[in-house]
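**Q** turn this into a model:
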Amino acid sequence: MLKHVSDKLREAELKLELRFPKKLFDFIRKLESPDVMFGEEEWTFPTVTDNPDDPSENFIVSKSMWFKSQWNLNGLVFAVGTYGDYLIALQNKDGKMLKQLFILIDERSEIKIFNTNLDKLLEYGPFDYMEWNDFYLKLEGGEVQRGDEMID
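**A** Sure, this is the predicted structure:
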C-alpha cells in the first residue's frame, strides 16, 4: 500500500504543481489505515484507499482543485473529518507551503489553524479551533478575507 499512496501523493503534486511538506508527505505515505485520531477527532485520509489503477480517482487532486476554484488559493486538501471539514496545507505568497496545518470549516466558509506543525499535532492534537471567534481566512461574498488569528 505504501507505494500506491506515494504514487497518489506524487501524482497530486504534479497535477496541482504544489509540493507537500516532507513530514506530511511521509506521514500520509506511511499510513496503514485511512482513519487517524487527532485529539478526540477522527480524520480520514482517502488517498490511502483511492483506487491505485485509476488515475482520475485521487481525493487530493479533486478536492484541491475544488478548493482552488472556490477560494482562488493554492492549497492541498488531504483529509476529511467526521463533520465534513477538511484539513489543508496552504501556500504562502512566495510559493512555499506553510508549516501550519489548517482546517477548512466548510459550513462557515472559514479556515482556521489546526496546529502550527505536524509534530505538535501528533503530540498534542489539534488546537481548540471551534472555540475561537476569529479565523485565518474567510470566504465572504466571493472574496477572501484575512482574519487576525495568530500563526506564530
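**Q** tell me where this protein has strands.
**A** Along the chain, counting by DSSP state E, strands occupy 35-38, 41-44, 75-81, 86-90, 101-105, 110-115, 137-140, 143-146.
**Q** return the distance of the fourth one from the chain's centre.
**A** When you say that, I think you mean strand 86-90. Between the centre of strand 86-90 and the centre of its host chain there is 2 Å, according to Cα atoms, centre = their mean, to the nearest Å.
**Q** paired strands for that strand, with orientation please.
**A** Sheet pairing of strand 86-90 (DSSP bridges) gives strand 75-81 (antiparallel), strand 101-105 (antiparallel).
**Q** and Asp94, which of the ones you listed is closest to it?
**A** strand 75-81 (14.8 Å; Cβ to Cβ). Heads up, the C-betas are built off the backbone N, CA and C, glycines and all.
**Q** report the longest helix in the protein, please.
**A** Ordering each helix of the chain by length in residues (DSSP state H) puts helix 2-16 first.
**Q** helices or strands up against that helix?
**A** The contact analysis (3 or more Cβ pairs under 8 Å, 6 or more residues apart in numbering; DSSP states H and E) places helix 2-16 against helix 22-29, helix 59-71.
**Q** can you add mean neighbour count, mean pLDDT and distance to Glu123 and give those back as CSV?
**A** Converted to CSV, these look like this (neighbours: other Cβ atoms under 10 Å; pLDDT from 0 to 100; distance: least, Cβ to Cβ, whole Å):
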stretch, mean neighbour count, mean pLDDT, distance to Glu123
helix 22-29, 17, 96, 13
helix 59-71, 18, 95, 25
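**Q** need these in TSV with distance to Asp7, can you?
**A** Formatted as TSV, those follow (distance: least, Cβ to Cβ, whole Å):
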stretch	distance to Asp7
helix 22-29	10
helix 59-71	12
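**Q** Phe38 is nearest to which of those?
**A** With respect to Phe38, and counting by Cβ to Cβ, the nearest of those is helix 22-29 at 11.3 Å.
**Q** all good on my end, thank you.
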